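1. Sequence first, then the predicted structure:
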Amino acid sequence: MLFDSWNEFFRVLVMAGLAYPILIAAVRASGKRTLSKMNAFDLVVTVALGSTLATILLNRQVALWEGAVALGSLVTLQFVTAWASVRFRGVRRLVKAEPTLLLHEGRLLHEAMRGQRVTPDEVRQAIRAQGTGALELVHAVVLETDGSFSVISRSQRGSGSAMDGVRERRTRHHDVGQQPVPGSSDVGQQPAPGSSGDCGR
């Protein structure tokens, strides 16, 4: 049915005019983090807010005050969870995934890629998107907690302090035709004299 009635048409307009300011006020009150999508929980809340707003507009059985309570509850839960994750490591581990190293010193880490369901072609695509044409020119490719790829070239490595907290899963399987780059070191730091340079040890 393309058109039901003018009453329903105007009801949607009125509900949109009332519900949208409520959503904006709730998001503004909770801060920028609410729509940041920094991890999976943030993304879920963002999608849920949109779904709740659509339900308020289109479902005549949902009263405006009920929709406002639902929007406020979602924003409050996101705020409390983000607040707790900043202050408590256990909460942070529960709601936030860790970044995963997919390539280190030009070497594809197939075990890590299988664990994250990422293909070598997708890693190469991320590298090409950064204007780099060879794996051996890349220090690291990281799958971030929001699902995006971070590509760090050898020339941009610096001290490697940005790699703190990124773990490498050791694997004996390399990409076809791809050999480990000699002299590779620990993720995020230079190997200490006499150390083996293995990541995670």
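-> Structure received. Keep in mind that this is a model prediction, so the values were computed, not measured.
2. and the helix or strand of the chain with the lowest mean pLDDT, what does it pack onto?
-> Among the helices and strands of the chain, helix 89-95 carries the lowest confidence by mean pLDDT, DSSP states H and E, at a mean of 81. Packing contacts for helix 89-95, counted by 3 or more C-beta pairs under 8 Å, 6 or more residues apart in numbering; DSSP states H and E, involve helix 64-87. No exception for glycine: its C-beta is placed from N, CA and C like everyone else's.
3. average pLDDT for the helix it packs on?
-> Helix 64-87 shows an average pLDDT of 89 in the prediction.
4. Report the buried residues of it.
-> Residues of helix 64-87 classed as buried under the neighbour-count rule (16 or more other C-beta atoms under 10 Å) are Gly67, Ala68, Ala70, Leu71, Gly72, Leu74, Val75, Gln78, Phe79, Thr81, Ala82, Ser85.
5. wait, doesn't the second one sit right on Pro21?
-> No: the pair formed by Ala68 and Pro21 falls short of the contact definition of C-beta atoms under 8 Å, at 10.2 Å.
6. rewinding a little: in a markdown table, list the buried residues of helix 64-87 along with distance to Gln130.
-> Putting those into a markdown table (distance: C-beta to C-beta, whole Å) gives the following:
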| residue | distance to Gln130 |
| --- | --- |
| Gly67 | 43 |
| Ala68 | 44 |
| Ala70 | 41 |
| Leu71 | 38 |
| Gly72 | 41 |
| Leu74 | 36 |
| Val75 | 35 |
| Gln78 | 32 |
| Phe79 | 35 |
| Thr81 | 33 |
| Ala82 | 30 |
| Ser85 | 30 |
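7. Just the element for the residue nearest to the spatial centre of the chain, please.
-> Centre of the chain computed as the mean C-alpha position; nearest residue by C-alpha atoms, centre = their mean is Asp146, 0.6 Å away. Asp146 is located outside every helix and strand, with elements delineated by DSSP states H and E.
8. List the contacts of the closest residue to Thr119 other than its chain neighbours.
-> Excluding its sequence neighbours, the residue lying closest to Thr119 (C-beta to C-beta, 6 or more residues apart in numbering) is Met113, at 7.0 Å. The contact partners of Met113, by C-beta atoms under 8 Å, 6 or more residues apart in numbering, come to Leu102, Thr119, Pro120, Val123.
9. in what helix or strand does Met113 lie?
-> Secondary structure assigned from DSSP H and E places Met113 in helix 110-116.
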